[in-house]
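**Q** build me a model from this:
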Amino acid sequence: MSTSQTFIRRLFRKGISWRVFVVLAVLLVAGSVAFQSARAPEAQAAGSSPIAFKGYAWSSNIGWISFSSLNCDADGDNKADSGAPAGCPTPGTAIPTYGVTDTGGTLSGYAWANPQDQAAGSNNIGWISFNSSDLTGCPSGVCVAKVDTTTGAVTGWARALSASGGWDGWISLSGVATDGSTYGVTDNGGVLSGWAWGGDVVGWISFNSSNPNAGGGPPYCVSSTGSCGVLPTATLSLSSPPSVTSSKNIPSGSSATLYWSSTNATACTATGGWSGPELTAGSQTITNITSDQTFTLTCTGPGGTSAPTSVTVNVSATSCLLPWGGTISNGSFVTAYSVPSVTAPATCSPPSIKQTRTCTNGVLSGTYQNQSCTVIIPPPPTITSGTLTAIPIMVPRGTAINATFNWSLSGVTSLTSSDACTIQQQEGSTISTIGTTLTGTSASVSIPITGSITTPITLNHQALYNIECGHGHSSVTIPGANTLINLIPQYSGF
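**A** Numbers count the residues shown, from 1 in each chain. Now for the predicted structure:
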(Lines give C-alpha, C1' and ligand atoms only; values in the text may rest on other atoms or scores of the structure.)
Protein backbone atom coordinates (compact mmCIF):
# COMPACT_ATOMS: atom_id res chain seq x y z
CA MET A 1 0.00 0.00 0.00
CA SER A 2 1.40 3.44 -0.98
CA THR A 3 2.05 6.21 1.49
CA SER A 4 -0.88 8.22 0.08
CA GLN A 5 -3.21 5.24 0.41
CA THR A 6 -2.17 4.69 4.01
CA PHE A 7 -2.70 8.35 4.80
CA ILE A 8 -6.16 8.42 3.20
CA ARG A 9 -7.15 5.24 5.02
CA ARG A 10 -6.24 6.77 8.35
CA LEU A 11 -8.19 9.90 7.56
CA PHE A 12 -11.33 8.00 6.70
CA ARG A 13 -11.07 5.81 9.77
CA LYS A 14 -11.06 9.03 11.78
CA GLY A 15 -14.29 10.23 10.13
CA ILE A 16 -12.79 12.92 7.81
CA SER A 17 -15.61 14.16 5.56
CA TRP A 18 -15.73 13.73 1.79
CA ARG A 19 -15.22 17.45 1.26
CA VAL A 20 -12.08 17.40 3.40
CA PHE A 21 -10.91 14.37 1.50
CA VAL A 22 -11.28 16.20 -1.82
CA VAL A 23 -9.14 19.08 -0.59
CA LEU A 24 -6.50 16.69 0.66
CA ALA A 25 -6.58 14.83 -2.63
CA VAL A 26 -5.90 18.03 -4.56
CA LEU A 27 -2.97 18.76 -2.30
CA LEU A 28 -1.61 15.29 -2.88
CA VAL A 29 -1.89 15.70 -6.64
CA ALA A 30 -0.01 19.01 -6.35
CA GLY A 31 2.67 17.06 -4.56
CA SER A 32 3.08 14.80 -7.62
CA VAL A 33 1.27 11.86 -6.00
CA ALA A 34 -0.75 9.95 -8.60
CA PHE A 35 -4.27 10.24 -7.12
CA GLN A 36 -5.64 7.88 -9.74
CA SER A 37 -4.23 5.09 -7.63
CA ALA A 38 -5.99 6.30 -4.48
CA ARG A 39 -8.49 3.76 -3.12
CA ALA A 40 -10.70 3.22 -0.09
CA PRO A 41 -9.35 0.95 2.63
CA GLU A 42 -8.65 -2.41 1.08
CA ALA A 43 -11.23 -5.17 1.26
CA GLN A 44 -10.36 -8.12 3.46
CA ALA A 45 -12.50 -10.82 1.83
CA ALA A 46 -10.78 -13.95 0.64
CA GLY A 47 -11.52 -15.99 -2.48
CA SER A 48 -10.74 -15.83 -6.16
CA SER A 49 -14.19 -15.03 -7.61
CA PRO A 50 -15.74 -12.12 -5.74
CA ILE A 51 -19.12 -10.85 -6.90
CA ALA A 52 -19.23 -7.06 -6.80
CA PHE A 53 -22.32 -5.10 -5.81
CA LYS A 54 -23.38 -1.75 -7.22
CA GLY A 55 -26.18 0.63 -6.42
CA TYR A 56 -27.49 2.38 -3.37
CA ALA A 57 -29.26 1.75 -0.10
CA TRP A 58 -31.33 4.44 1.61
CA SER A 59 -31.52 5.67 5.19
CA SER A 60 -34.11 8.27 6.11
CA ASN A 61 -31.63 9.55 8.72
CA ILE A 62 -28.45 9.90 6.64
CA GLY A 63 -29.61 9.53 3.03
CA TRP A 64 -27.94 7.51 0.24
CA ILE A 65 -25.36 4.80 0.96
CA SER A 66 -23.24 3.91 -2.09
CA PHE A 67 -22.03 0.30 -2.43
CA SER A 68 -19.56 0.95 -5.27
CA SER A 69 -17.40 3.78 -6.57
CA LEU A 70 -18.71 2.81 -10.03
CA ASN A 71 -22.03 4.41 -9.08
CA CYS A 72 -20.40 7.81 -9.63
CA ASP A 73 -17.33 6.70 -11.63
CA ALA A 74 -18.61 4.29 -14.27
CA ASP A 75 -15.40 4.44 -16.34
CA GLY A 76 -13.23 3.75 -13.30
CA ASP A 77 -10.94 6.74 -13.77
CA ASN A 78 -11.29 7.74 -10.12
CA LYS A 79 -13.20 10.89 -11.05
CA ALA A 80 -16.88 11.63 -10.68
CA ASP A 81 -18.59 11.29 -14.04
CA SER A 82 -20.61 13.96 -15.73
CA GLY A 83 -24.31 13.11 -15.46
CA ALA A 84 -23.77 10.85 -12.46
CA PRO A 85 -26.79 10.28 -10.19
CA ALA A 86 -27.82 12.80 -7.61
CA GLY A 87 -25.73 12.41 -4.52
CA CYS A 88 -22.49 11.96 -6.46
CA PRO A 89 -19.73 14.57 -6.11
CA THR A 90 -19.31 17.33 -8.66
CA PRO A 91 -18.10 15.93 -12.01
CA GLY A 92 -14.33 15.62 -12.03
CA THR A 93 -14.06 15.27 -8.27
CA ALA A 94 -11.54 12.62 -7.30
CA ILE A 95 -13.12 9.37 -6.11
CA PRO A 96 -11.27 6.45 -4.53
CA THR A 97 -12.08 2.96 -5.71
CA TYR A 98 -14.31 1.12 -3.24
CA GLY A 99 -17.12 -1.42 -3.13
CA VAL A 100 -18.72 -4.38 -1.40
CA THR A 101 -18.27 -7.91 -2.75
CA ASP A 102 -19.59 -11.39 -2.04
CA THR A 103 -16.95 -14.10 -2.08
CA GLY A 104 -18.38 -17.55 -1.46
CA GLY A 105 -21.09 -16.15 0.78
CA THR A 106 -18.86 -13.80 2.79
CA LEU A 107 -19.26 -10.06 2.31
CA SER A 108 -16.30 -7.72 2.41
CA GLY A 109 -15.27 -4.24 1.36
CA TYR A 110 -16.69 -0.79 1.99
CA ALA A 111 -19.79 1.25 1.32
CA TRP A 112 -19.84 5.03 1.51
CA ALA A 113 -22.50 7.12 3.24
CA ASN A 114 -22.33 10.05 0.82
CA PRO A 115 -21.99 13.44 2.58
CA GLN A 116 -22.85 15.24 -0.68
CA ASP A 117 -26.43 14.01 -0.56
CA GLN A 118 -28.74 16.79 0.59
CA ALA A 119 -30.87 14.40 2.64
CA ALA A 120 -27.84 13.59 4.73
CA GLY A 121 -27.40 17.15 6.00
CA SER A 122 -24.37 17.24 8.25
CA ASN A 123 -24.52 13.53 9.14
CA ASN A 124 -21.22 12.49 7.57
CA ILE A 125 -21.10 8.78 8.44
CA GLY A 126 -18.40 8.05 5.86
CA TRP A 127 -17.05 4.54 5.36
CA ILE A 128 -19.17 1.51 6.31
CA SER A 129 -17.04 -1.62 6.50
CA PHE A 130 -18.11 -5.19 5.75
CA ASN A 131 -14.61 -6.56 6.40
CA SER A 132 -14.40 -9.25 9.06
CA SER A 133 -11.34 -7.54 10.59
CA ASP A 134 -13.50 -4.52 11.43
CA LEU A 135 -16.38 -6.58 12.82
CA THR A 136 -14.84 -8.31 15.82
CA GLY A 137 -16.62 -7.66 19.10
CA CYS A 138 -20.04 -7.12 17.52
CA PRO A 139 -23.02 -6.76 19.91
CA SER A 140 -24.37 -10.29 19.43
CA GLY A 141 -24.35 -13.44 17.33
CA VAL A 142 -22.01 -14.09 14.41
CA CYS A 143 -20.12 -10.93 13.53
CA VAL A 144 -19.04 -11.69 9.96
CA ALA A 145 -21.42 -10.46 7.25
CA LYS A 146 -22.56 -13.53 5.31
CA VAL A 147 -25.06 -14.55 2.63
CA ASP A 148 -26.75 -17.95 2.92
CA THR A 149 -26.21 -19.43 -0.54
CA THR A 150 -29.40 -21.50 -0.21
CA THR A 151 -31.93 -19.06 1.22
CA GLY A 152 -30.27 -15.76 0.33
CA ALA A 153 -30.60 -14.54 3.93
CA VAL A 154 -27.94 -12.00 4.89
CA THR A 155 -26.72 -12.19 8.48
CA GLY A 156 -24.05 -10.62 10.65
CA TRP A 157 -22.99 -7.00 10.96
CA ALA A 158 -21.46 -4.01 9.18
CA ARG A 159 -19.85 -1.06 10.93
CA ALA A 160 -19.45 2.66 10.32
CA LEU A 161 -15.77 3.39 10.90
CA SER A 162 -16.28 7.00 11.99
CA ALA A 163 -18.69 6.21 14.83
CA SER A 164 -18.58 8.81 17.57
CA GLY A 165 -20.69 10.65 20.12
CA GLY A 166 -21.67 7.51 21.98
CA TRP A 167 -22.71 5.62 18.84
CA ASP A 168 -20.65 2.48 18.27
CA GLY A 169 -21.32 2.34 14.52
CA TRP A 170 -22.80 -1.16 14.44
CA ILE A 171 -25.35 -1.96 11.72
CA SER A 172 -27.34 -5.19 12.12
CA LEU A 173 -28.10 -7.01 8.86
CA SER A 174 -30.87 -9.16 10.38
CA GLY A 175 -32.60 -9.61 13.70
CA VAL A 176 -35.72 -9.01 15.75
CA ALA A 177 -37.05 -5.49 16.26
CA THR A 178 -38.25 -4.16 19.61
CA ASP A 179 -41.88 -4.81 18.61
CA GLY A 180 -41.11 -8.50 18.08
CA SER A 181 -41.12 -8.40 14.27
CA THR A 182 -38.21 -9.79 12.29
CA TYR A 183 -36.14 -7.85 9.79
CA GLY A 184 -33.21 -8.58 7.54
CA VAL A 185 -31.52 -8.25 4.18
CA THR A 186 -32.06 -10.92 1.51
CA ASP A 187 -30.10 -11.71 -1.66
CA ASN A 188 -32.62 -12.58 -4.39
CA GLY A 189 -30.45 -13.78 -7.27
CA GLY A 190 -27.94 -11.00 -6.78
CA VAL A 191 -30.49 -8.30 -5.96
CA LEU A 192 -30.51 -7.26 -2.31
CA SER A 193 -33.74 -6.27 -0.58
CA GLY A 194 -35.10 -5.87 2.92
CA TRP A 195 -33.87 -3.82 5.83
CA ALA A 196 -30.88 -3.39 8.14
CA TRP A 197 -30.86 -1.49 11.43
CA GLY A 198 -28.20 1.08 12.29
CA GLY A 199 -29.36 2.28 15.68
CA ASP A 200 -30.52 5.79 16.50
CA VAL A 201 -27.98 7.48 14.22
CA VAL A 202 -28.52 5.63 10.93
CA GLY A 203 -31.94 4.16 11.67
CA TRP A 204 -33.53 1.76 9.20
CA ILE A 205 -31.61 1.12 5.99
CA SER A 206 -33.64 0.04 2.94
CA PHE A 207 -31.72 -1.99 0.34
CA ASN A 208 -34.40 -1.80 -2.34
CA SER A 209 -37.05 0.74 -3.32
CA SER A 210 -39.47 -2.20 -3.68
CA ASN A 211 -39.48 -2.59 0.10
CA PRO A 212 -42.78 -1.45 1.64
CA ASN A 213 -42.47 2.19 2.73
CA ALA A 214 -38.91 2.18 1.45
CA GLY A 215 -38.53 5.92 0.84
CA GLY A 216 -35.67 7.43 -1.09
CA GLY A 217 -37.56 8.87 -4.06
CA PRO A 218 -36.37 7.32 -7.38
CA PRO A 219 -36.06 3.52 -7.75
CA TYR A 220 -32.89 2.09 -6.26
CA CYS A 221 -31.34 -1.16 -5.06
CA VAL A 222 -28.06 -2.85 -4.24
CA SER A 223 -27.36 -5.45 -6.92
CA SER A 224 -24.58 -7.56 -8.42
CA THR A 225 -26.47 -8.04 -11.70
CA GLY A 226 -26.34 -4.45 -12.91
CA SER A 227 -30.10 -4.18 -12.61
CA CYS A 228 -32.62 -4.07 -9.82
CA GLY A 229 -34.74 -6.51 -11.81
CA VAL A 230 -38.22 -7.50 -10.71
CA LEU A 231 -38.18 -8.84 -7.20
CA PRO A 232 -40.48 -11.82 -6.50
CA THR A 233 -43.73 -11.17 -4.68
CA ALA A 234 -44.16 -12.91 -1.35
CA THR A 235 -46.23 -16.10 -1.48
CA LEU A 236 -47.93 -17.74 1.45
CA SER A 237 -49.39 -21.06 2.53
CA LEU A 238 -51.63 -21.22 5.60
CA SER A 239 -53.36 -24.31 6.94
CA SER A 240 -54.34 -26.06 10.12
CA PRO A 241 -53.49 -29.75 9.71
CA PRO A 242 -53.75 -32.46 10.70
CA SER A 243 -57.07 -32.37 12.54
CA VAL A 244 -58.45 -29.00 11.51
CA THR A 245 -59.15 -27.69 8.03
CA SER A 246 -61.73 -25.31 6.69
CA SER A 247 -64.03 -28.26 5.97
CA LYS A 248 -63.85 -29.85 9.41
CA ASN A 249 -65.28 -28.96 12.78
CA ILE A 250 -63.84 -28.96 16.27
CA PRO A 251 -65.70 -29.19 19.57
CA SER A 252 -66.50 -25.91 21.27
CA GLY A 253 -63.79 -24.81 23.70
CA SER A 254 -61.05 -26.90 22.11
CA SER A 255 -57.86 -25.79 20.34
CA ALA A 256 -56.60 -25.59 16.77
CA THR A 257 -53.01 -25.26 15.59
CA LEU A 258 -52.30 -23.09 12.55
CA TYR A 259 -49.31 -23.82 10.31
CA TRP A 260 -47.89 -21.53 7.64
CA SER A 261 -44.89 -21.03 5.40
CA SER A 262 -43.94 -18.37 2.88
CA THR A 263 -41.40 -17.64 0.19
CA ASN A 264 -39.73 -14.35 -0.65
CA ALA A 265 -41.25 -12.82 2.49
CA THR A 266 -39.60 -10.69 5.13
CA ALA A 267 -42.56 -10.09 7.44
CA CYS A 268 -46.09 -11.40 8.00
CA THR A 269 -49.13 -9.90 9.71
CA ALA A 270 -52.08 -11.78 11.23
CA THR A 271 -55.67 -10.53 11.22
CA GLY A 272 -59.12 -11.93 11.91
CA GLY A 273 -59.19 -14.52 14.67
CA TRP A 274 -55.60 -13.61 15.57
CA SER A 275 -53.59 -10.42 15.20
CA GLY A 276 -50.17 -8.85 15.21
CA PRO A 277 -46.81 -9.59 13.58
CA GLU A 278 -45.87 -13.18 12.84
CA LEU A 279 -42.75 -14.96 11.63
CA THR A 280 -42.52 -15.80 7.94
CA ALA A 281 -43.01 -19.47 8.80
CA GLY A 282 -44.16 -21.29 11.88
CA SER A 283 -47.15 -22.50 13.83
CA GLN A 284 -49.42 -21.16 16.54
CA THR A 285 -52.01 -22.87 18.72
CA ILE A 286 -55.26 -20.99 19.29
CA THR A 287 -57.03 -22.15 22.47
CA ASN A 288 -60.62 -22.10 23.71
CA ILE A 289 -62.33 -21.62 20.35
CA THR A 290 -66.06 -21.37 21.06
CA SER A 291 -67.33 -20.01 17.73
CA ASP A 292 -66.42 -20.18 14.04
CA GLN A 293 -63.18 -18.25 13.46
CA THR A 294 -61.36 -17.17 10.29
CA PHE A 295 -57.61 -16.68 10.63
CA THR A 296 -55.93 -14.52 7.96
CA LEU A 297 -52.24 -13.99 7.26
CA THR A 298 -50.59 -11.55 4.84
CA CYS A 299 -46.86 -11.56 4.11
CA THR A 300 -44.68 -8.84 2.61
CA GLY A 301 -41.47 -9.29 0.69
CA PRO A 302 -39.14 -7.23 -1.45
CA GLY A 303 -41.34 -7.69 -4.52
CA GLY A 304 -44.63 -6.85 -2.87
CA THR A 305 -47.32 -8.22 -0.63
CA SER A 306 -49.00 -11.61 -0.89
CA ALA A 307 -52.73 -11.94 -1.23
CA PRO A 308 -54.33 -12.49 2.19
CA THR A 309 -54.58 -16.20 2.91
CA SER A 310 -57.20 -17.50 5.31
CA VAL A 311 -58.23 -20.70 7.02
CA THR A 312 -61.57 -21.11 8.76
CA VAL A 313 -62.03 -23.23 11.87
CA ASN A 314 -65.65 -24.23 12.37
CA VAL A 315 -66.99 -25.12 15.80
CA SER A 316 -69.31 -28.10 15.72
CA ALA A 317 -72.71 -28.04 17.38
CA THR A 318 -71.75 -29.64 20.66
CA SER A 319 -73.97 -31.82 22.82
CA CYS A 320 -74.51 -31.04 26.50
CA LEU A 321 -73.72 -33.13 29.55
CA LEU A 322 -76.70 -33.62 31.85
CA PRO A 323 -76.21 -33.19 35.61
CA TRP A 324 -77.61 -36.67 36.30
CA GLY A 325 -75.50 -38.30 33.58
CA GLY A 326 -75.81 -38.74 29.84
CA THR A 327 -76.00 -36.07 27.15
CA ILE A 328 -78.50 -34.33 24.92
CA SER A 329 -77.82 -33.02 21.44
CA ASN A 330 -77.53 -29.38 20.48
CA GLY A 331 -80.98 -27.76 20.33
CA SER A 332 -82.66 -30.40 22.51
CA PHE A 333 -84.15 -29.77 25.93
CA VAL A 334 -85.04 -31.67 29.10
CA THR A 335 -87.20 -31.01 32.15
CA ALA A 336 -85.30 -30.69 35.42
CA TYR A 337 -86.45 -30.16 39.00
CA SER A 338 -85.04 -28.21 41.91
CA VAL A 339 -85.92 -30.99 44.41
CA PRO A 340 -86.32 -34.73 44.00
CA SER A 341 -89.70 -34.81 45.79
CA VAL A 342 -92.48 -32.77 47.40
CA THR A 343 -95.15 -33.74 49.90
CA ALA A 344 -98.82 -33.45 48.96
CA PRO A 345 -100.71 -31.24 48.70
CA ALA A 346 -97.68 -29.57 47.04
CA THR A 347 -96.97 -30.45 43.38
CA CYS A 348 -93.91 -30.60 41.11
CA SER A 349 -95.37 -28.12 38.60
CA PRO A 350 -94.55 -24.60 39.90
CA PRO A 351 -91.54 -22.78 38.29
CA SER A 352 -89.80 -22.90 41.64
CA ILE A 353 -89.78 -26.69 41.25
CA LYS A 354 -89.89 -27.38 37.50
CA GLN A 355 -87.53 -25.97 34.82
CA THR A 356 -86.83 -26.53 31.11
CA ARG A 357 -83.10 -26.78 30.32
CA THR A 358 -82.01 -26.31 26.68
CA CYS A 359 -78.69 -27.34 25.07
CA THR A 360 -77.12 -24.59 22.96
CA ASN A 361 -73.78 -25.48 21.42
CA GLY A 362 -72.50 -27.31 24.45
CA VAL A 363 -74.02 -24.98 27.04
CA LEU A 364 -77.01 -26.22 29.06
CA SER A 365 -79.35 -23.48 30.22
CA GLY A 366 -80.86 -23.37 33.69
CA THR A 367 -79.61 -24.67 37.01
CA TYR A 368 -81.98 -27.36 38.32
CA GLN A 369 -80.15 -30.62 38.97
CA ASN A 370 -82.80 -33.37 39.42
CA GLN A 371 -84.08 -35.54 36.62
CA SER A 372 -87.46 -36.22 38.27
CA CYS A 373 -89.76 -35.03 41.04
CA THR A 374 -92.04 -37.30 43.08
CA VAL A 375 -95.15 -36.21 44.98
CA ILE A 376 -95.13 -37.99 48.33
CA ILE A 377 -98.64 -38.84 49.56
CA PRO A 378 -98.76 -38.73 53.37
CA PRO A 379 -100.65 -41.59 55.01
CA PRO A 380 -104.10 -40.98 56.52
CA PRO A 381 -104.34 -40.41 60.26
CA THR A 382 -104.31 -43.38 62.55
CA ILE A 383 -107.65 -43.74 64.45
CA THR A 384 -108.22 -47.20 65.84
CA SER A 385 -111.97 -47.04 66.50
CA GLY A 386 -114.97 -44.85 67.13
CA THR A 387 -118.71 -44.70 67.76
CA LEU A 388 -121.51 -42.91 65.96
CA THR A 389 -125.17 -42.67 66.99
CA ALA A 390 -128.10 -40.82 65.45
CA ILE A 391 -131.31 -39.42 66.93
CA PRO A 392 -133.87 -40.21 65.64
CA ILE A 393 -133.10 -43.59 64.18
CA MET A 394 -136.29 -43.53 62.09
CA VAL A 395 -137.67 -40.68 59.97
CA PRO A 396 -140.63 -40.24 57.67
CA ARG A 397 -140.01 -40.69 53.95
CA GLY A 398 -139.36 -37.51 52.02
CA THR A 399 -139.73 -35.21 54.98
CA ALA A 400 -137.02 -32.84 56.14
CA ILE A 401 -136.14 -33.45 59.73
CA ASN A 402 -133.28 -32.46 62.04
CA ALA A 403 -131.08 -35.33 63.05
CA THR A 404 -128.50 -35.25 65.81
CA PHE A 405 -125.29 -37.26 65.43
CA ASN A 406 -123.04 -38.05 68.39
CA TRP A 407 -119.56 -39.44 67.90
CA SER A 408 -116.46 -40.52 69.71
CA LEU A 409 -112.99 -41.48 68.39
CA SER A 410 -110.33 -43.65 70.03
CA GLY A 411 -106.59 -44.15 69.42
CA VAL A 412 -106.06 -40.97 67.42
CA THR A 413 -102.41 -40.61 66.21
CA SER A 414 -100.52 -39.31 63.16
CA LEU A 415 -102.88 -36.40 62.79
CA THR A 416 -101.81 -33.31 60.81
CA SER A 417 -103.35 -29.94 60.11
CA SER A 418 -104.43 -31.11 56.66
CA ASP A 419 -106.46 -33.97 58.08
CA ALA A 420 -110.22 -33.72 58.61
CA CYS A 421 -113.11 -35.99 59.56
CA THR A 422 -116.56 -35.93 57.99
CA ILE A 423 -119.85 -37.82 58.47
CA GLN A 424 -120.69 -39.62 55.26
CA GLN A 425 -124.26 -40.48 54.30
CA GLN A 426 -124.86 -43.40 51.94
CA GLU A 427 -128.45 -43.55 50.72
CA GLY A 428 -128.69 -46.31 48.18
CA SER A 429 -125.88 -45.59 45.71
CA THR A 430 -125.64 -41.91 46.64
CA ILE A 431 -122.88 -40.82 49.03
CA SER A 432 -122.75 -37.32 50.44
CA THR A 433 -121.20 -35.39 53.29
CA ILE A 434 -123.51 -34.02 55.91
CA GLY A 435 -123.02 -31.37 58.54
CA THR A 436 -119.72 -29.60 59.07
CA THR A 437 -116.12 -30.79 58.68
CA LEU A 438 -114.43 -31.90 61.88
CA THR A 439 -110.74 -30.87 61.83
CA GLY A 440 -107.70 -31.42 63.98
CA THR A 441 -104.11 -30.26 64.08
CA SER A 442 -102.05 -32.90 65.84
CA ALA A 443 -102.18 -36.19 67.60
CA SER A 444 -102.29 -34.43 70.97
CA VAL A 445 -105.22 -32.22 69.94
CA SER A 446 -107.77 -34.68 68.62
CA ILE A 447 -110.39 -33.86 66.08
CA PRO A 448 -112.22 -33.59 68.75
CA ILE A 449 -112.58 -37.15 69.85
CA THR A 450 -116.16 -36.57 70.99
CA GLY A 451 -118.88 -34.25 69.81
CA SER A 452 -122.35 -33.73 68.51
CA ILE A 453 -123.90 -31.98 65.52
CA THR A 454 -127.48 -31.46 64.45
CA THR A 455 -128.22 -31.16 60.76
CA PRO A 456 -131.34 -31.47 58.57
CA ILE A 457 -131.75 -34.63 56.49
CA THR A 458 -134.40 -35.81 54.02
CA LEU A 459 -134.47 -39.53 53.26
CA ASN A 460 -136.38 -41.61 50.76
CA HIS A 461 -134.48 -44.76 51.59
CA GLN A 462 -132.66 -46.26 54.51
CA ALA A 463 -129.28 -44.49 55.01
CA LEU A 464 -125.97 -45.67 56.43
CA TYR A 465 -123.77 -43.16 58.23
CA ASN A 466 -120.05 -43.46 59.09
CA ILE A 467 -117.07 -41.28 59.94
CA GLU A 468 -114.24 -40.90 57.38
CA CYS A 469 -110.92 -39.19 58.30
CA GLY A 470 -107.98 -38.16 56.13
CA HIS A 471 -106.95 -35.61 53.49
CA GLY A 472 -107.46 -35.05 49.81
CA HIS A 473 -105.09 -37.83 48.77
CA SER A 474 -105.75 -40.53 51.33
CA SER A 475 -108.49 -41.28 53.89
CA VAL A 476 -109.72 -44.04 56.20
CA THR A 477 -113.17 -45.09 57.42
CA ILE A 478 -113.16 -45.32 61.23
CA PRO A 479 -114.02 -48.81 62.45
CA GLY A 480 -117.18 -48.96 64.60
CA ALA A 481 -118.18 -45.37 63.88
CA ASN A 482 -121.35 -46.10 61.90
CA THR A 483 -125.10 -46.09 62.36
CA LEU A 484 -128.36 -46.53 60.40
CA ILE A 485 -131.41 -44.30 60.05
CA ASN A 486 -134.48 -46.10 58.75
CA LEU A 487 -137.72 -44.86 57.28
CA ILE A 488 -140.91 -45.03 59.36
CA PRO A 489 -143.11 -47.66 57.83
CA GLN A 490 -146.28 -46.37 56.20
CA TYR A 491 -149.41 -48.54 56.60
CA SER A 492 -152.52 -48.46 54.45
CA GLY A 493 -155.99 -49.20 55.80
CA PHE A 494 -157.09 -52.77 56.41
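
**Q** against which helices or strands is the helix or strand encompassing residue 64 packed?
**A** Residue 64 belongs to strand 63-66 when assigned by DSSP states H and E. When contacts are defined as 3 or more CB pairs under 8 Å, 6 or more residues apart in numbering; DSSP states H and E, strand 63-66 packs onto strand 54-59, strand 106-113. No exception for glycine: its C-beta is placed from N, CA and C like everyone else's.

**Q** what's the closest of these to residue 74?
**A** Proximity to residue 74 (CB to CB) singles out strand 54-59 among those, at 9.5 Å.

**Q** can you give the domain ranges for this structure?
**A** The record's domain parsing of the chain by automatic domain parsing lists 3-223, 235-315, 320-376, 382-487.

**Q** and those domains, which one's lowest on average pLDDT?
**A** Of all the domains of the chain, domain 3-223 carries the lowest average pLDDT, namely a mean of 75.

**Q** I'd like the domains of the chain as CSV, with mean neighbour count appended.
**A** Shown next, in CSV, are those (neighbours: other CB atoms under 10 Å):
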stretch, mean neighbour count
domain 3-223, 18
domain 235-315, 17
domain 320-376, 15
domain 382-487, 16
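
**Q** redo the helices and strands packed on strand 63-66 as JSON lines? Include distance to residue 366.
**A** Output for the helices and strands packed on strand 63-66, formatted as JSON lines (distance: least, CB to CB, whole Å):
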{"stretch": "strand 54-59", "distance to residue 366": "66"}
{"stretch": "strand 106-113", "distance to residue 366": "70"}
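
**Q** out of these, flag the one nearest residue 361.
**A** By CB to CB (comparing all of these), the closest turns out to be strand 54-59, at 53.8 Å.

**Q** figure out how far the closest one is from the centre of its chain.
**A** Distance of strand 54-59 from the chain centroid (CA atoms, centre = their mean, to the nearest Å) equals 42 Å.

**Q** how about the helices and strands packed on strand 63-66, which one is nearest residue 185?
**A** Among the helices and strands packed on strand 63-66, the nearest to residue 185 by CB to CB is strand 54-59 (9.0 Å).

**Q** and the end-to-end length of stretch 330-344?
**A** 36 Å (CA to CA, to the nearest Å).

**Q** from here on, call the first residue 783.
**A** With 783 as the first residue, the last one maps to stretch 1112-1126.

**Q** neighbouring contacts of it?
**A** By CB atoms under 8 Å, 6 or more residues apart in numbering, the residues outside stretch 1112-1126 that reach it are 1099-1102, 1104-1105, 1110, 1130, 1134-1144, 1148, 1150-1160, 1253-1255.

**Q** return the distance of it from the chain's centre.
**A** Stretch 1112-1126 sits 36 Å away from the centroid of its parent chain (CA atoms, centre = their mean).

**Q** got it, and stretch 855-867?
**A** 58 Å.

**Q** also stretch 956-973?
**A** 28 Å.

**Q** which ones among the contacts of stretch 1112-1126 map onto strands?
**A** Those of those mapping onto strands are 1102, 1110, 1136-1142, 1156-1158, per DSSP state E.

**Q** quick one: which two of those are the most distant?
**A** 1142 and 1158 (34.2 Å).

**Q** got the end-to-end distance for stretch 881-888?
**A** Its first and final residues considered, stretch 881-888 spans 14 Å by CA to CA.

**Q** ok so, going back, of the ones in strands among the contacts of stretch 1112-1126, which is the nearest to residue 975?
**A** Of these, the one sitting nearest to residue 975 (CB to CB) turns out to be residue 1142, at 51.8 Å.

**Q** so how far is residue 1114 from that closest one?
**A** Residue 1142 sits 10 Å away from residue 1114, going by CB to CB, to the nearest Å.

**Q** what does residue 1062 give?
**A** To residue 1114, residue 1062 is 47 Å away according to CB to CB.

**Q** kindly report the same for residue 1242.
**A** For residue 1242, the distance to residue 1114 - CB to CB - is 61 Å.

**Q** likewise residue 1061?
**A** Noted for residue 1061: a distance of 44 Å to residue 1114, by CB to CB.

**Q** same check on residue 852?
**A** Per CB to CB, residue 852 is found 79 Å from residue 1114.

**Q** and if you look at residue 1238?
**A** As judged by CB to CB, residue 1238 and residue 1114 stand 61 Å apart.

**Q** which stretches of the stretch 1133-1276 of the chain form helices?
**A** With DSSP state H, counting those that start in this stretch, there are no helices along the stretch 1133-1276 of the chain.

**Q** do the stretch 833-982 of the chain as well
**A** 981-984.

**Q** rewinding a little: which one of the helices and strands packed on strand 845-848 lies closest to residue 1076?
**A** Taking CB to CB, strand 836-841 is the member of the helices and strands packed on strand 845-848 nearest to residue 1076, at 37.3 Å.

**Q** check which helices and strands the closest one sits against.
**A** Where contact means 3+ CB pairs under 8 Å, 6+ apart, strand 836-841 is packed against strand 845-848, strand 986-988, strand 1004-1005.
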